[in-house]
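>>> model this:
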Amino acid sequence: MAGFTITILFSSLTLGLIQYLITGAFSQIYLIIVFPFYFFFPLLIFAIPLQYVLNKKPKKFSFVYFLFYLLVSSAANFLLFYLASIPGYPPLFARLEIYFYSVVAAITYWFWDSIVAQKKITEH
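Presented below is the predicted three-dimensional model:
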């Protein structure tokens, strides 16, 4: 269970830092703390259950596992962007940031899962 916790914390921190760098709001230091919280809860809801299932047969840096993370990340991003969408915005499928966040979140979580959680499970 510690591997899952560390994976979600490192992934949240990494995604928060990426978001902070993308926004360019360097004068607003508090965003370094806010952005990881923004990513923590969706990862908790969507990524942890998938990670639990995939880690029953641990494989470090498995491309198939990455595809599963990408699929779940895409579904989660479309759902979250849909719930937060404002009338008058372009349709969801036309918004490039959804695809960007889907890929970046999948790569980040897959990376930390392979480094942290897969290692802990295979040692036992």
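
>>> quick check, central residue of the protein?
Nearest to the mean C-alpha position of the chain, by CA atoms, centre = their mean, lies Ala105 at 3.4 Å.

>>> was I right to think that residue contacts Ser73?
Yes: using CB atoms under 8 Å, Ala105 is in contact with Ser73, at 4.6 Å. Yep, even glycine has a C-beta here, placed from its N, CA and C like the rest.

>>> and the helices in this structure, which stretches?
2-23, 31-42, 48-54, 63-83, 96-112, 118-123 (DSSP state H).

>>> for Pro90, which of those helices is the nearest?
helix 96-112 (9.5 Å; CB to CB).

>>> next, the buried residues of that closest one.
Ile98, Tyr101, Ser102, Val104, Ala105, Ala106, Ile107, Thr108, Tyr109, Trp110, Phe111, Trp112 (16 or more other CB atoms under 10 Å).

>>> just send the residues you listed back as JSON lines, with distance to Leu50 and pLDDT too.
Shown next, in JSON lines, are the buried residues of helix 96-112 (distance: CB to CB, whole Å; pLDDT from 0 to 100):
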{"residue": "Ile98", "distance to Leu50": "19", "pLDDT": "92"}
{"residue": "Tyr101", "distance to Leu50": "17", "pLDDT": "95"}
{"residue": "Ser102", "distance to Leu50": "14", "pLDDT": "96"}
{"residue": "Val104", "distance to Leu50": "17", "pLDDT": "97"}
{"residue": "Ala105", "distance to Leu50": "12", "pLDDT": "96"}
{"residue": "Ala106", "distance to Leu50": "10", "pLDDT": "96"}
{"residue": "Ile107", "distance to Leu50": "15", "pLDDT": "97"}
{"residue": "Thr108", "distance to Leu50": "14", "pLDDT": "97"}
{"residue": "Tyr109", "distance to Leu50": "9", "pLDDT": "96"}
{"residue": "Trp110", "distance to Leu50": "10", "pLDDT": "96"}
{"residue": "Phe111", "distance to Leu50": "15", "pLDDT": "96"}
{"residue": "Trp112", "distance to Leu50": "13", "pLDDT": "94"}
